[in-house]
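Student: no FASTA, just this:
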Ligand SMILES: Nc1ncnc2c1ncn2[C@@H]1O[C@H](COP(=O)(O)OP(=O)(O)OP(=O)(O)O)[C@@H](O)[C@H]1O
């Protein structure tokens, strides 16, 4: 279970998230939609602890990710507290973020070996299974620069799964791809989603993909949730004018 409790995020005097409350149940797949700048990516970055909250707290499986108790006070959590919680979470980024100086196999095995202490042979066997699953069994020894964008994103997906996360965060994972490569990556993620019990939190501007992959869609505007419901309802019969306007604008682009 992920729980945001009155989360505030500010950058200087720009308040990006305003006392945001929501939760995601284990195994649930939730897509965040909304206009550019509404704070969707910020939510994923807070969960990865790439950013710190300005107010409120975040819990993962009942453990506070953002704070620890010291006496009767709550103080910001330190790295030692955060690490085991963050290990439950994997993220795939828009720009792949592969290590350019390592081959594909090494990209996938580095974190399991270093962070989880897996023996290298075991990590490599698992990486090869994952490469097979993402359709890149023959690319293990290539460097990322020799792969297409779609192939690099498949490696990034394999790399995230190699850490055996319970929660997978997907941040606009197809928006940096050439159009002809989008469907293949989306199909892969649909298969992963439907054949696993991963909790998925996804940010996307691809409404067809959002409809297919999600149990629930959250519509954001100006750092708040303006609509929350199943994809059939949000995409076919939204309750809010802001959602209708957003969907209309997305369809036209
Ligand atoms: N590191 C940062 N420093 C300052 N402002 C930031 C930073 N990161 C994000 N912001 C601001 O926070 C706001 C929300 O950004 P965020 O990326 O979360 O929006 P988004 O809904 O994901 O947008 P998009 O759909 O364009 O990706 C924007 O106004 C952005 O300029």
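Tutor: Structure's in. What do you need? Note that the structure is a prediction, hence the values are computed from the model and not measured.

Student: and the residue nearest to the spatial centre of the chain, which of the three is it?
Tutor: Centrality entry for the chain: nearest residue to the mean C-alpha point is residue 169, 1.3 Å, by C-alpha atoms, centre = their mean. Assigned by DSSP: H, G, I helix; E, B strand; the rest coil, the conformation of residue 169 is strand.

Student: what's near enough to touch it?
Tutor: 44, 47, 48, 89, 90, 91, 92, 200, 201, 202 (C-beta atoms under 8 Å, 6 or more residues apart in numbering). Heads up, the C-betas are built off the backbone N, CA and C, glycines and all.

Student: buried ones from these, can you make that a PyMOL selection?
Tutor: With 16 or more other C-beta atoms under 10 Å as the criterion, this PyMOL line picks the buried residues out of those:
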select buried, resi 44+47+89+90+91+92+200+201+202
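
Student: ok, the contacts of residue 169 vs residue 161, which is closest?
Tutor: Of all these, residue 161 sits closest to residue 90, with 6.7 Å by C-beta to C-beta.

Student: quick one: strands adjacent to the helix or strand harbouring that closest one?
Tutor: Element membership for residue 90, per DSSP states H and E: strand 89-92. The strands that strand 89-92 pairs with in its sheet are strand 167-171 (parallel) (by DSSP bridges).

Student: ok and the helix or strand just after the partner strand relative to strand 167-171, angle-wise?
Tutor: As assigned by DSSP H and E, the chain's next helix or strand after strand 167-171 is helix 179-194. Going by axes from the mean of the first three to the mean of the last three C-alpha atoms, to 10 degrees, helix 179-194 is angled at 160 degrees with respect to strand 167-171.

Student: tell me which helix or strand comes right after the strand holding residue 90.
Tutor: According to DSSP H and E, the helix or strand after strand 89-92 is helix 104-116.

Student: for the following helix or strand past that next one, list every residue counted as buried.
Tutor: Next along the chain after helix 104-116, taking DSSP H and E as the criterion, comes helix 120-133. Buried positions in helix 120-133, judged by neighbour count with 16+ other C-beta under 10 Å: 123, 124, 126, 127, 128, 130, 131, 133.

Student: kindly report the same for stretch 92-101.
Tutor: Under the neighbour-count criterion of 16+ other C-beta under 10 Å, stretch 92-101 has 92, 93, 94, 96, 98 buried.

Student: repeat that for stretch 155-170.
Tutor: Within stretch 155-170, the residues that count as buried by 16+ other C-beta under 10 Å are 155-163, 165-170.

Student: now that stretch: mean pLDDT?
Tutor: In this model, stretch 155-170 has an average pLDDT of 96.

Student: any idea how far the ligand is from the closest residue to residue 176 other than its chain neighbours?
Tutor: Among residues not flanking residue 176 along the chain, residue 94 sits closest, at 5.2 Å (C-beta to C-beta, 6 or more residues apart in numbering). Separation of residue 94 from the ligand (C-beta to the nearest ligand atom, to the nearest Å) stands at 8 Å.

Student: go on, residue 28?
Tutor: 20 Å.

Student: now residue 226
Tutor: Applying C-beta to the nearest ligand atom, the value for residue 226 to the ligand is 13 Å.

Student: so how many other residues sit close to that residue?
Tutor: Residues lying near residue 226 (other C-beta atoms under 10 Å) number 18.

Student: cool, residue 13 as well?
Tutor: Residues near residue 13, counting by other C-beta under 10 Å: 5.

Student: relative to residue 41, how far out is it?
Tutor: According to C-beta to C-beta, to the nearest Å, residue 13 and residue 41 sit 20 Å apart.
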